[in-house]
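Colleague: Pasting the sequence and the predicted model now:
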Amino acid sequence: MTLQTMQKMIEDTQQCKEITKVNEDWYYVPTPEGRICYKVMVTPDGREYCTCEEFGKNPSLKCPHIYAVINAIRTGDFIDIDNLPMNKLGEITSIINEAMNG
(Lines give C-alpha, C1' and ligand atoms only; values in the text may rest on other atoms or scores of the structure.)
Protein backbone atom coordinates (compact mmCIF):
# COMPACT_ATOMS: atom_id res chain seq x y z
CA MET A 1 0.00 0.00 0.00
CA THR A 2 1.39 3.38 -0.98
CA LEU A 3 1.68 6.37 1.33
CA GLN A 4 -0.89 8.22 -0.80
CA THR A 5 -3.36 5.35 -0.48
CA MET A 6 -2.88 5.25 3.28
CA GLN A 7 -3.37 9.04 3.57
CA LYS A 8 -6.57 8.80 1.50
CA MET A 9 -7.87 6.01 3.76
CA ILE A 10 -7.17 8.13 6.86
CA GLU A 11 -9.02 11.08 5.32
CA ASP A 12 -11.96 8.86 4.33
CA THR A 13 -12.08 7.36 7.83
CA GLN A 14 -12.25 10.82 9.42
CA GLN A 15 -15.22 11.69 7.23
CA CYS A 16 -17.31 8.69 8.34
CA LYS A 17 -19.72 10.20 10.87
CA GLU A 18 -22.92 9.00 12.53
CA ILE A 19 -21.76 5.41 12.91
CA THR A 20 -24.62 3.36 14.35
CA LYS A 21 -24.08 0.21 16.39
CA VAL A 22 -26.94 -2.19 15.66
CA ASN A 23 -25.80 -5.13 17.78
CA GLU A 24 -22.69 -6.50 19.47
CA ASP A 25 -20.61 -6.84 16.27
CA TRP A 26 -22.48 -4.95 13.50
CA TYR A 27 -22.47 -1.25 12.64
CA TYR A 28 -23.90 0.96 9.89
CA VAL A 29 -21.45 3.46 8.41
CA PRO A 30 -22.87 6.09 6.07
CA THR A 31 -20.75 7.82 3.47
CA PRO A 32 -20.02 11.50 4.17
CA GLU A 33 -22.69 12.46 1.62
CA GLY A 34 -25.19 10.08 3.25
CA ARG A 35 -26.09 8.48 -0.08
CA ILE A 36 -24.79 5.01 0.80
CA CYS A 37 -24.72 3.14 4.09
CA TYR A 38 -22.33 0.21 4.55
CA LYS A 39 -22.87 -2.64 6.96
CA VAL A 40 -19.64 -3.35 8.86
CA MET A 41 -18.77 -6.17 11.24
CA VAL A 42 -15.91 -5.94 13.73
CA THR A 43 -15.72 -8.65 16.39
CA PRO A 44 -13.61 -8.83 19.56
CA ASP A 45 -11.78 -11.85 18.12
CA GLY A 46 -10.61 -9.83 15.09
CA ARG A 47 -13.07 -10.83 12.36
CA GLU A 48 -13.95 -7.96 10.04
CA TYR A 49 -16.32 -7.51 7.12
CA CYS A 50 -17.73 -4.61 5.10
CA THR A 51 -20.31 -4.47 2.32
CA CYS A 52 -18.32 -1.86 0.34
CA GLU A 53 -16.84 -2.62 -3.06
CA GLU A 54 -13.29 -1.90 -1.88
CA PHE A 55 -13.44 -4.61 0.80
CA GLY A 56 -15.12 -7.00 -1.64
CA LYS A 57 -12.18 -6.65 -4.04
CA ASN A 58 -9.53 -7.20 -1.38
CA PRO A 59 -10.86 -8.56 1.94
CA SER A 60 -7.34 -8.97 3.31
CA LEU A 61 -7.04 -5.15 3.62
CA LYS A 62 -9.14 -3.02 5.95
CA CYS A 63 -11.33 -0.50 4.15
CA PRO A 64 -11.95 3.02 5.55
CA HIS A 65 -15.31 1.90 6.96
CA ILE A 66 -13.69 -0.83 9.07
CA TYR A 67 -11.09 1.67 10.30
CA ALA A 68 -13.91 4.10 11.12
CA VAL A 69 -15.70 1.46 13.21
CA ILE A 70 -12.50 0.45 15.00
CA ASN A 71 -11.87 4.10 15.84
CA ALA A 72 -15.49 4.58 16.95
CA ILE A 73 -15.22 1.55 19.24
CA ARG A 74 -11.96 2.88 20.68
CA THR A 75 -13.38 6.36 21.34
CA GLY A 76 -16.99 5.37 22.06
CA ASP A 77 -18.08 7.80 19.34
CA PHE A 78 -21.04 5.93 17.84
CA ILE A 79 -24.79 5.82 18.20
CA ASP A 80 -25.96 2.72 20.07
CA ILE A 81 -29.33 1.83 18.61
CA ASP A 82 -30.33 0.06 21.84
CA ASN A 83 -30.03 3.28 23.85
CA LEU A 84 -31.98 5.59 21.55
CA PRO A 85 -35.31 7.06 22.60
CA MET A 86 -38.15 5.85 20.37
CA ASN A 87 -38.46 9.18 18.50
CA LYS A 88 -34.75 9.12 17.62
CA LEU A 89 -34.88 5.41 16.72
CA GLY A 90 -37.44 6.13 13.99
CA GLU A 91 -35.35 9.03 12.69
CA ILE A 92 -32.13 6.97 12.56
CA THR A 93 -33.96 3.99 11.01
CA SER A 94 -35.32 6.25 8.25
CA ILE A 95 -31.85 7.66 7.53
CA ILE A 96 -30.33 4.16 7.39
CA ASN A 97 -33.12 2.82 5.17
CA GLU A 98 -32.83 5.78 2.80
CA ALA A 99 -29.06 5.34 2.54
CA MET A 100 -29.32 1.55 2.09
CA ASN A 101 -31.98 1.83 -0.64
CA GLY A 102 -30.43 4.76 -2.47
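Modeller: Perfect, thanks for sending it.
Colleague: Tell me, how many residues neighbour P32?
Modeller: Using other C-beta atoms under 10 Å, P32 has 12 other residues around it. (Glycine included, C-beta is placed from N, CA and C.)
Colleague: For burial, what's the neighbour tally of N23?
Modeller: By the other C-beta under 10 Å criterion, the neighbourhood of N23 contains 10 residues.
Colleague: after the worst-scoring helix or strand of the chain on mean pLDDT comes which helix or strand?
Modeller: Evaluated with mean pLDDT, DSSP states H and E, the helix-and-strand set of the chain has its lowest mean pLDDT in helix 3-15, which scores a mean of 60. Along the chain past helix 3-15, the next helix or strand (assigned with DSSP states H and E) turns out to be strand 20-21.
Colleague: So what are the sheet partners of whichever helix or strand comes after that following strand and their directions?
Modeller: Once strand 20-21 ends, the next helix or strand along the chain (criterion: DSSP H and E) is strand 26-30. According to DSSP bridges, strand 26-30 has the following sheet partners: strand 20-21 (antiparallel), strand 37-42 (antiparallel).
Colleague: how about low-confidence regions in this structure?
Modeller: 1-17, 84-93, 95-102 (pLDDT under 70).
Colleague: Mind listing what's buried along stretch 37-47?
Modeller: 37-42 (16 or more other C-beta atoms under 10 Å).
Colleague: May I see these organised as a markdown table, with distance to K62 added?
Modeller: As requested, these are arranged in a markdown table below (distance: C-beta to C-beta, whole Å):
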| residue | distance to K62 |
| --- | --- |
| C37 | 18 |
| Y38 | 13 |
| K39 | 15 |
| V40 | 10 |
| M41 | 12 |
| V42 | 10 |
